[in-house]
Every structure is written in structure tokens, then in C-alpha cells.
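*Asks:* Got a predicted structure here, sequence first:
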Amino acid sequence: MIDTLRPTAFEGESDIEELHSFFQSDVQSAGDTLWTFGTSLKSAYVNSFEFMHHAPIVTLWREPEGDVGAVSRISLGTGEWFHLARPEYRRPEVAATLIAYADAAFELLTDRVDWQTVRYESKTTEITELEQAGYARNDIAEVYMTRALDDPIAEVPCPAGLRIGLLDPTDPQERALAQVDAFSNGAPSPAQIAWMSRSIVHQLSYGRPHHHPSVIAFDQDGRVEAFADPFFDRTNRIGEFEPVGTRTPSQRRGLGKAVITRGLQEMRDNSMTQAVVRTGIENAAAIATYESVGFETTDLLIRFRKPRATR
């Protein structure tokens with residue numbers, strides 16, 4: 001076990017500011033521009049409250065004085081877990097403890113035949129730690145794409161009847177409806193709409209106190225048809241898109257390319273020098289859109305699985 005960190009339960013709203021701070025680049029980067037690992041927005045708000053289907057177990061690993069040194073999330077329903085430690089705690093003994101913590105939870109609390117986590121292909125030390133704990137490479141989960149912001153950003157026309165602008169963060173409901181439409185693979189359920197309506201406030205507040213815009217394509221009635229949220233890592237001067245989406249009926253009209261292009265301009269205007277985005281390996285349409293505005297795949301997020309021990 002690790003003597004310097006103790007596990008404590010995440011208690012929701014009372015801990016959210018501390019969790020936001022933990023995931024900021026000035027705490028996490030240590031020269032590593034992959035610090036987000038898909039953790040930036042996703043871990044700072046979604047994983048802290050609830051998933052669309054299964055609430056996670058979030059644990060804050062605290063130092064004796066109370067500061068958070070690591071965060072772990074265990075999703076019993078989906079069989080996925082994740083952890084992130086501050087740079088000074090990225091040591092083999094800490095990793096072994098956090099991995100064992102996840103393994104024990106799945107063994108004791110579920111009947112799953114296996115569980116999974118992810119690592120970037122370039123993170124060879126972290127992959128070795130997983131393999132030593134009995135995990136094996138399974139498949140590719142996501143692509144990690146980058147684009148230099150000193151390259152020209154071509155103007156992309158917006159379809160007739162729509163405009164590109166920035167969301168008024170005090171009125172996010174239409175933005176929430178557009179996001180749940182884009183990601184629900186069909187007509188969203190009332191539960192999905194309620195979930196996004198509750199969590200959109202946390203999503204838009206990520207990265208405080210700095211302002212982060214939400215780029216939207218909207219019609220004359222204010223209905224949001226597409227969105228791209230650029231977040232600014234001011235330590236490394238990297239802009240990250242999270243999330244990007246288009247309402248199902250408005251897809252294949254070039255709206256994604258239009259909002260991404262405006263987002264790239266926002267990144268440049270805020271002194272970012274590189275843009276990054278992550279998307280699922282199976283999302284060929286999104287990958288093609290990102291490539292069309294200059295992104296290239298520079299890393300892969302690999303899924304690792306561990307089978308239940310034979311009883």
C-alpha cells in the first residue's frame with residue numbers, strides 16, 4: 001500500500017471545485033501534453049456525477065494535509081476503470097495500489113468476467129505496469145489527433161439560414177438538447193435529456209476561472225444545430241476540442257467543419273499554438289472531418305482487459 005495517500009469518497013458538489021483544480025494542466029502536465037488522456041472534461045464533470053447508464057465510484061486519494069494526490073473512478077456497470085495521479089505520485093508503487101484497488105472492486109462487487117482500462121500507446125511505462133498486473137492489450141479505443149495553429153485556417157462557409165457564433169453560457173438549454181441529440185444515436189430518451197440538462201452547467205464551467213467559449217451553429221430561432229467547445233491549456237498553449245457534435249438531422253451539411261474552424265480561430269486568438277482532439281476509432285466521419293481541417297493522428301488510445309481470476 002501507499003502510506004502517503006488515503007482513499008476518500010467523492011461527495012459531489014462539495015468536492016467539485018477541488019476536482020476541477022486537480023485536472024488542470026498546471027497540476028498535471030509536467031511537460032506531458034497527453035495529460036488529458038481523455039480525462040479533461042470527461043473526468044472533471046461527467047465522471048464526477050453520473051453516467052448515462054451507471055453511476056461511478058469516484059475516489060479522491062488525499063495526502064495527510066488533505067490535498068488530492070490522485071483520483072480513481074470505477075464504473076461497475078460498464079466494467080471500466082481509470083485513475084490519474086499528480087506527477088510526483090506517478091511511481092510504480094502508487095500505480096500498483098490504484099490498479100489493485102480497481103481489481104478488488106470488480107472482484108468483490110461484480111460478477112463480471114473481465115474489466116478494462118485504457119492507455120495511450122506512447123505511454124510505455126504505464127502499459128508495462130498494466131501488463132505486470134495481468135492486463136492484456138485488446139483493441140484501439142480512440143485516435144488522438146493534433147494540428148499546428150501556425151498553419152493557415154481556411155474559412156468555411158455556413159449553410160444558408162444558419163450562423164456561427166458563441167453560446168451565451170447563461171442560457172445553455174438549447175446547447176444541451178443539441179448535444180444529447182448528437183450523441184444518443186436516435187431519438188433521445190427523457191432520461192438522457194434530463195441527464196444532459198443537469199450536467200451541461202458543469203461541462204460549460206470546466207476550466208474556471210478562465211473563459212472557454214462554446215462555438216455553435218444556430219438558426220434564426222436560436223436552435224443549436226452543431227457545437228464545438230475549445231478548451232485552453234494555457235500552461236502548454238494547447239487547445240483541446242471536447243466535445244464536438246451535430247444534431248442528427250443536420251449531419252452531412254458541413255456544420256462540423258464550420259464550428260471546428262471557428263474553434264481553431266478562437267484557440268489562435270487565445271494564444272494557443274497547437275490543437276488536439278480525441279475521437280473513437282470507429283468514428284470514420286469525425287476523423288475525416290478533422291483531417292479535412294488539418295488534423296493528423298499522432299497517438300492511439302489502447303484498451304486493456306483483465307479476466308476474472310479462476311475461482
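*Replies:* Done, it's in.
*Asks:* Would you mind giving the domain segments of this protein?
*Replies:* By the record's domain assignment, the chain is partitioned as 6-112, 151-272 (automatic domain parsing).
*Asks:* roughly how far out does the shortest one sit from the chain middle?
*Replies:* On the basis of Cα atoms, centre = their mean, to the nearest Å, domain 6-112 is displaced by 13 Å from the centre of the chain it belongs to.
*Asks:* Same question for stretch 298-311.
*Replies:* 19 Å.
*Asks:* nearest to residue 119, of the domains of the chain?
*Replies:* Residue 119 sits nearest to domain 6-112 of all the domains of the chain, at 8.0 Å, using Cβ to Cβ. (C-beta placed from N, C-alpha, C; glycine too.)
*Asks:* average pLDDT for that closest one?
*Replies:* For domain 6-112, mean pLDDT is 80.
*Asks:* I'd like the next helix or strand past the helix or strand containing residue 119.
*Replies:* Residue 119 is part of strand 114-120, with elements assigned from DSSP states H and E. Toward the C-terminus, strand 114-120 is succeeded by helix 124-132 as the next helix or strand (DSSP H and E).
*Asks:* Return the list of helices and strands in contact with that next one.
*Replies:* On a contact count with 3 or more Cβ pairs under 8 Å, 6 or more residues apart in numbering; DSSP states H and E, helix 124-132 meets helix 92-109, strand 114-120, strand 296-307.
*Asks:* taking those together, which one is wrapped up most tightly?
*Replies:* The highest mean neighbour count among the helices and strands packed on helix 124-132, using mean count of other Cβ atoms under 10 Å, belongs to strand 114-120: a mean of 20.
*Asks:* which residues are contacting that strand?
*Replies:* Contacts to strand 114-120, defined as Cβ atoms under 8 Å, 6 or more residues apart in numbering, come from residues 34, 37-38, 79-82, 102-103, 106, 126-127, 130, 135, 138, 141-142, 144, 299-308.
*Asks:* Then stretch 70-80?
*Replies:* 5, 7, 19, 22-23, 43, 47, 51, 53-61, 81-86, 89, 94, 98, 101-102, 105-106, 109-110, 112, 114-117.
*Asks:* can you give me the strands in the stretch 1-150 of the chain?
*Replies:* Assigned by DSSP state E, counting those that start in this stretch, the stretch 1-150 of the chain shows strands spanning 6-9, 57-62, 68-75, 80-85, 114-120, 136-148.
*Asks:* for the stretch 151-300 of the chain, that is, sorry about that
*Replies:* Going by DSSP E, counting those that start in this stretch, the stretch 151-300 of the chain shows strands at 162-166, 215-219, 224-233, 238-246, 274-280, 296-307.
*Asks:* okay, those strands, which one's buried deepest?
*Replies:* When the strands of the stretch 151-300 of the chain are compared using mean count of other Cβ under 10 Å, strand 224-233 is most buried, at a mean of 25.
*Asks:* From the contact counts, what lies against that strand?
*Replies:* Checking 3+ Cβ pairs under 8 Å, 6+ apart, strand 224-233 ends up next to helix 40-41, helix 173-183, strand 215-219, strand 238-246, helix 255-269.
*Asks:* and these as JSON lines, adding distance to residue 27?
*Replies:* Shown next, in JSON lines, are the helices and strands packed on strand 224-233 (distance: least, Cβ to Cβ, whole Å):
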{"stretch": "helix 40-41", "distance to residue 27": "12"}
{"stretch": "helix 173-183", "distance to residue 27": "27"}
{"stretch": "strand 215-219", "distance to residue 27": "26"}
{"stretch": "strand 238-246", "distance to residue 27": "15"}
{"stretch": "helix 255-269", "distance to residue 27": "21"}
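*Asks:* Lowest average pLDDT across these?
*Replies:* helix 40-41 has the lowest average pLDDT among the helices and strands packed on strand 224-233, namely a mean of 48.
*Asks:* what's the neighbour count on residue 190?
*Replies:* 7 (other Cβ atoms under 10 Å).
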